[in-house]
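> here is my input, please return the structure:
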Amino acid sequence: MRLKTKLIHGGIDGDAQTGAVVVPIYQVSTYKQEAIGKHKGFEYSRTGNPTRHALETYIAEVEGGSRGFAFGSGMAALSTILSLFNKGDHLVVGDDVYGGTYRVITRVFTRLGLEVTYVDTSDLEAVKQAIQPQTRAIILETPTNPLLKVSDIEAVAGIAKEKGVLLVVDNTFMTPYWQNPLDLGADIVYHSATKYLGGHSDVVAGLAVTKDPQLGEDLHFLQNSIGAVLGPQDSWLLLRGMKTLGIRMEEHEANTRTLAKWLAERNDINRVNYPGLPSHPGHELAKRQARGFGGMISFDVGSGERAESVLAKVKYFTLAESLGAVESLISVPARMTHASIPPERRQELGITDGLVRISVGIEDVQDLIDDLEQALA
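Have a look, this model is predicted:
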């Protein structure tokens, strides 16, 4: 089954009892048991719900894994994954990750005893050097947020396997339509499903998939124990949204390629970060490990004052947190999504006050160009 077909027919297709062509919303908390310990597969909705189960089966199939999990947010997914590790364990984490990832690791899990080293995961030697005897996992995004650096998933997976550690990949930016980290050797892939998978700015959710069945059992124990599960209404919204993921991602990318090329040709932009540009240092790697380049661009307009001016003038780009929706969104990472990272650390990474991040929607691309033209003028 090819990917676009799998997005429509994958997982649990419809409802066998009623003939409904989509999985219903099972708005229920508990289930009648025929006898003590004898039930029809569900006993309590924190442990399992038919609508959520359909979503979890679906994302596991689409990502090529053995077990899928749905959480109340992307941060709930990551926090549950981090709960696999013990006090004193060490993690190697990408240095250019979403601000919420940095925040929860640095201000919550290190307080609980995890140790962490941040490295540029596009530098394989830096990854190798960062691994310690007590290292248990490498966690990376590719492309990164917001600088869109590209890491070699297969090569990092090789390092992880050699050292006996897990590789965890945040696949939010690329989605399983463009990139499948489990096929490249990752052990766990996770998403802020709020973004492209939902695609319509109407749901907050997180998804995770494991390759190994036993690792899936371990993660399910934590999902059930911690309880940050996705409700049936939001599970249904994700099932609905992902059916159009293929056509949406193709339109996002077509618009983004055009817009990135237009920005790169301007002389009033300091730099444009987009893996689809041949000038991007990770362009060839991105071509090898993914089927597309995604719909995210960041570019430096020179100063925080100019960035603020641009954001105040745009009409079709919505000033908002988040990304991956059908409408185009615009933000300044230093003051919004990455504000939790200390200023000196942001400057060290290159997340300047003038860096603007756009999530390119599926509007007419000429309207988007005209809008940015008048805002930059």
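> how about the helices in this structure?
3-9, 50-63, 74-82, 99-104, 124-130, 153-163, 175-178, 213-226, 232-242, 245-264, 283-289, 304-313, 343-349, 365-376 (DSSP state H).
> for those, give me TSV that also has mean pLDDT.
As requested, these are exported to TSV (pLDDT from 0 to 100):
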stretch	mean pLDDT
helix 3-9	95
helix 50-63	98
helix 74-82	98
helix 99-104	93
helix 124-130	98
helix 153-163	98
helix 175-178	98
helix 213-226	98
helix 232-242	98
helix 245-264	98
helix 283-289	98
helix 304-313	96
helix 343-349	84
helix 365-376	98
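> most tightly surrounded among the ones you listed?
Comparing these by mean neighbour count (mean count of other CB atoms under 10 Å), helix 175-178 comes out on top with a mean of 26. Yep, even glycine has a C-beta here, placed from its N, CA and C like the rest.
> so what touches that one?
3, 7, 59, 62-64, 191, 196-197, 245-246, 249, 253, 290-294 (CB atoms under 8 Å, 6 or more residues apart in numbering).
> may I see the helices of the chain arranged in CSV, with distance to Gln17 as well?
Listed next are the helices of the chain as CSV, based on distance: least, CB to CB, whole Å:
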stretch, distance to Gln17
helix 3-9, 19
helix 50-63, 10
helix 74-82, 30
helix 99-104, 40
helix 124-130, 50
helix 153-163, 41
helix 175-178, 29
helix 213-226, 25
helix 232-242, 16
helix 245-264, 27
helix 283-289, 42
helix 304-313, 50
helix 343-349, 53
helix 365-376, 45
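> what about His191, distance to Gly206?
7 Å (CB to CB, to the nearest Å).
> higher neighbour count, those two?
His191 (29 against 26; other CB atoms under 10 Å).
> ok, that one - contacts?
Ile59, Gly74, Ala77, Asp170, Asn171, Thr172, Thr175, Leu197, Gly206, Leu207, Ala208.
> beta partners for it?
His191 has these beta-bridge partners by DSSP bridges: Leu207.
> and it, what's its pLDDT?
Reported pLDDT at His191 in the predicted model: 98.
> so Gln239 sits against Val22, correct?
Just so we're on the same page, residue 239 is Leu rather than Gln. Yes - at 7.2 Å, Leu239 and Val22 qualify as touching, with contact defined as CB atoms under 8 Å.
> need the residues touching each of His191 and Gly206.
By CB under 8 Å, 6+ apart, the residues touching both His191 and Gly206 are Gly74, Ala77.
> can you put the contacts of His191 in JSON lines and add distance to Pro232?
Converted to JSON lines, the contacts of His191 look like this (distance: CB to CB, whole Å):
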{"residue": "Ile59", "distance to Pro232": "16"}
{"residue": "Gly74", "distance to Pro232": "19"}
{"residue": "Ala77", "distance to Pro232": "17"}
{"residue": "Asp170", "distance to Pro232": "25"}
{"residue": "Asn171", "distance to Pro232": "24"}
{"residue": "Thr172", "distance to Pro232": "23"}
{"residue": "Thr175", "distance to Pro232": "23"}
{"residue": "Leu197", "distance to Pro232": "17"}
{"residue": "Gly206", "distance to Pro232": "16"}
{"residue": "Leu207", "distance to Pro232": "15"}
{"residue": "Ala208", "distance to Pro232": "18"}
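> what sits against the residue lying closest to Gly361 once chain neighbours are set aside?
Using CB to CB, 6 or more residues apart in numbering and skipping the chain neighbours, the partner closest in space to Gly361 is Ser328 (3.7 Å). Neighbouring residues of Ser328 by CB under 8 Å, 6+ apart: Tyr316, Phe317, Thr318, Ile358, Ser359, Val360, Gly361, Glu363, Leu368.
> ok, Val209 next?
Val209 neighbours (CB under 8 Å, 6+ apart): Ile59, Ala60, Glu63, Gly64, Gly65, Arg67, Gly68, Phe69, Leu182, Ile188, Val189, Tyr190.
> do the same with Glu141
Gly94, Asp96, Val97, Tyr98, Thr101, Ser151, Val169, Asp170, Thr172, Phe173.
> let's see that with 6 Å instead.
Gly94, Val97, Asp170 (CB atoms under 6 Å, 6 or more residues apart in numbering).
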